[in-house]
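Peer 1: next input, structure requested:
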Amino acid sequence: MLEDLSLRIFKILNRELGKEGILLVEQLPSLIQCLEQAIEQDATERKDLAKDSHKSDRLGQRAYPFLELLKSSLKYKDPIVWGH
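Peer 2: Now for the predicted structure:
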């Protein structure tokens, strides 16, 4: 399930998810914007489809920790590195 979420987020960000990677500080503002727009779009679609609004697989709920990581990294001007 977490792998699916990671793949979904990285697809939204138009990035490949590999065993190693880096998100540079310069890239973070546009990545944050992309993810926030996708979360907003998901919320709007769920509002339009009231029957699906009870699903626990809401993008905003599941992607919030990653969004906060992006924002924190931007604030402190630290890149995000994994697999290093």
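Peer 1: ok, the residue lying closest to residue 74 once chain neighbours are set aside to residue 5 distance?
Peer 2: Taking CB to CB, 6 or more residues apart in numbering as the measure, residue 74 lies nearest to residue 28, with 4.2 Å between them; neighbours along the chain are not counted. The way it works is simple: take the backbone N, C-alpha and C, and place the C-beta from them, glycine included. The spacing between residue 28 and residue 5, counted by CB to CB, to the nearest Å, is 19 Å.
Peer 1: with neighbour numbers in mind, choose between those two.
Peer 2: Taking neighbours as other CB atoms under 10 Å, residue 28 and residue 5 compare with residue 28 leading, 21 against 15.
Peer 1: helix or strand: which one has the more buried one?
Peer 2: Taking DSSP states H and E as the criterion, residue 28 maps to helix 28-48.
Peer 1: list the contacts for residue 34?
Peer 2: Contacts here follow CB atoms under 8 Å, 6 or more residues apart in numbering; on that basis residue 34 touches 12, 13, 14.
Peer 1: same check, this time on residue 79
Peer 2: Contact criterion CB under 8 Å, 6+ apart gives 22, 23, 24, 25, 73 as the residues in contact with residue 79.
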